[in-house]
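Trainee: The following block contains a protein sequence and its predicted model.
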Amino acid sequence: MARRLESMDRADQINEAFAQWLLTSIEESAAQGQAPESILQVTEHDEVRMGSGSSYGSFASLCYHFMRDWALVGEHVQHTVYQPIVDALLHRLGSEGSRAVLVPGAGICRLAWELAGAGFEVEANEFSPLFATVADVVLNHASSAQKLCPLAHLFSENFSLDNQFFDTDVPCPLPRAAPPRSVKMRMGDFVALYRTDGPGWKPYDAVVTCFFLDTCEDIMVYLEVISALLQPGALWLNLGPLNYTPSSRLKLCWDEVVTVAENLGLIFEETTTVDTAYSLQAGVKMYAEQYHAVFSVARKK
């Protein structure tokens, strides 16, 4: 029991220092405003609704996604999820010229940052104000890595105390230490921003939905918006499950999603599956969120 209390106390101190660093960075970011040389340029729209704190608004969810996107312990996500998307876009769009790519549901912007590093003109979209604000801190203001104990609050499915209270450095890699990569972000509801009369609508060369489709209230609307964003010959890349939220009104199977997309003028060029852990690899805890997810590439007629 003494070792448990010692581990909990140490994790609390680490996470308290991390939270203080994050709050200080957010305050400094707000005071400084957007600099022209910022990696991430954030745009807000007063008329477009933002997310609440009900799902992606807690410190626990933030720790989880920091571990997934910006820690070495989440490196498998890069290999199984993000890198295949980058490779597929490079294969089909090439590495030369200006290619506009939209990434809705961008979270803390690791995928958007990787795509920008591959040479694409990337616009990210995020519904959660907390995640969008933290993405600004990570990409624009983090000058050194910080310690974080991302699973200290999870008291189930642990093999050991070390399994629960380990620490990791975030962000890793450090965006400001890498070659310059420019990413734009629009904060707010995807449908309101990117429907044909929305403030973010324009033709894109590719729309990348990564663990995003099942966040919808109405998947038919999502698919209509995605299709309308694509000019002829443009691509829709999708990787993820269909783990719909309780608020989703129509929970289509994948075959039905394909049928709807084809009726909207999309031709599927590739459909495979990807076995991936959402955050932790299998074996770290007794339970890990695992997916046998669809990876598809479709082109607009």
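Mentor: That came in fine, so what should we check first?
Trainee: which stretches of this structure form helices?
Mentor: Applying DSSP state H to the chain gives helices spanning 2-32, 59-70, 75-77, 83-93, 110-117, 129-136, 161-165, 190-194, 219-229, 254-263.
Trainee: want to try a markdown table for the ones you listed, with mean pLDDT and distance to Ala177 as columns?
Mentor: No exception for glycine: its C-beta is placed from N, CA and C like everyone else's. Below are those laid out as a markdown table (pLDDT from 0 to 100; distance: least, CB to CB, whole Å):
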| stretch | mean pLDDT | distance to Ala177 |
| --- | --- | --- |
| helix 2-32 | 93 | 16 |
| helix 59-70 | 92 | 13 |
| helix 75-77 | 94 | 17 |
| helix 83-93 | 97 | 20 |
| helix 110-117 | 97 | 12 |
| helix 129-136 | 94 | 17 |
| helix 161-165 | 95 | 28 |
| helix 190-194 | 97 | 31 |
| helix 219-229 | 98 | 33 |
| helix 254-263 | 98 | 40 |
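Trainee: which of these is buried the deepest?
Mentor: helix 110-117 (a mean of 24; mean count of other CB atoms under 10 Å).
Trainee: Can you pull out the residues in contact with that helix?
Mentor: Around helix 110-117, the neighbours that count as contacts under CB atoms under 8 Å, 6 or more residues apart in numbering are 39, 69-70, 78, 81-83, 85-86, 89, 101, 103, 106, 122, 124, 139, 175, 178-179, 181-183, 185, 208, 210.
Trainee: OK, contacts around Leu264?
Mentor: By CB under 8 Å, 6+ apart, the residues touching Leu264 are 223-224, 227.
Trainee: any idea how far Leu239 is from the nearest residue to Pro203 once chain neighbours are set aside?
Mentor: Excluding the flanking residues, the one nearest Pro203 by CB to CB, 6 or more residues apart in numbering is Gln231, at 4.0 Å. Noted for Gln231: a distance of 22 Å to Leu239, by CB to CB, to the nearest Å.
Trainee: so for stretch 282-301, what's the average pLDDT?
Mentor: Across stretch 282-301, pLDDT averages out at 94.
Trainee: Show me how far it is from its chain's centre.
Mentor: 14 Å (CA atoms, centre = their mean, to the nearest Å).
Trainee: now do stretch 132-144
Mentor: Counting by CA atoms, centre = their mean, stretch 132-144 comes out at 14 Å from the chain centroid.
Trainee: neighbouring contacts of it?
Mentor: By CB under 8 Å, 6+ apart, stretch 132-144 touches 22, 25-26, 28-29, 35, 38-40, 42, 62, 70, 106-109, 113, 124, 126, 171, 174-176, 183, 185, 187.
Trainee: Run a quick neighbour tally on the residue nearest to Pro203.
Mentor: Using other CB atoms under 10 Å, Gln231 has 11 other residues around it.
Trainee: and the spatially closest residue to Asn125 that is not a sequence neighbour, what pLDDT?
Mentor: Using CB to CB, 6+ apart and skipping the chain neighbours, the partner closest in space to Asn125 is Pro104 (4.3 Å). pLDDT for Pro104: 98.
Trainee: how much space is there between Pro104 and Tyr194?
Mentor: Taken as CB to CB, the span from Pro104 to Tyr194 is 7 Å.
Trainee: Next: Pro179.
Mentor: 29 Å.
Trainee: can you check Lys202 too?
Mentor: Per CB to CB, Lys202 is found 9 Å from Tyr194.
Trainee: Which neighbours do the two have in common?
Mentor: Shared contacts of Lys202 and Tyr194 (CB under 8 Å, 6+ apart): Leu229.
Trainee: show me the contacts for Asp230.
Mentor: One correction, residue 230 is Leu, not Asp. Leu230 is in contact with 203-204, 206-207, 236, 266, 300, counting by CB under 8 Å, 6+ apart.
Trainee: Make a markdown table from those and add neighbour count and distance to Asn15 to it.
Mentor: Shown next, in a markdown table, are the contacts of Leu230 (neighbours: other CB atoms under 10 Å; distance: CB to CB, whole Å):
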| residue | neighbour count | distance to Asn15 |
| --- | --- | --- |
| Pro203 | 12 | 44 |
| Tyr204 | 22 | 38 |
| Ala206 | 25 | 37 |
| Val207 | 25 | 36 |
| Trp236 | 24 | 39 |
| Leu266 | 22 | 44 |
| Lys300 | 22 | 45 |
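Trainee: Could you single out the nearest of these to Arg49?
Mentor: Val207 (20.9 Å; CB to CB).
Trainee: Work out the gap between stretch 198-206 and the centre of the chain.
Mentor: Taking CA atoms, centre = their mean, one finds the center of stretch 198-206 at 19 Å from the center of the full chain.
Trainee: Pull the CA coordinates from it and hand them back as PDB.
Mentor: The C-alpha trace of stretch 198-206 is given here as PDB (Å, rounded to 0.1, in the frame of the first residue of the first chain):
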ATOM      1  CA  GLY A 198     -20.700  27.900 -44.900                       C
ATOM      2  CA  PRO A 199     -17.800  30.200 -44.200                       C
ATOM      3  CA  GLY A 200     -15.200  27.400 -44.700                       C
ATOM      4  CA  TRP A 201     -16.500  26.000 -48.000                       C
ATOM      5  CA  LYS A 202     -14.200  25.800 -51.000                       C
ATOM      6  CA  PRO A 203     -13.100  23.000 -53.300                       C
ATOM      7  CA  TYR A 204     -10.400  20.700 -51.800                       C
ATOM      8  CA  ASP A 205      -8.100  18.200 -53.500                       C
ATOM      9  CA  ALA A 206      -8.700  15.800 -50.600                       C
END
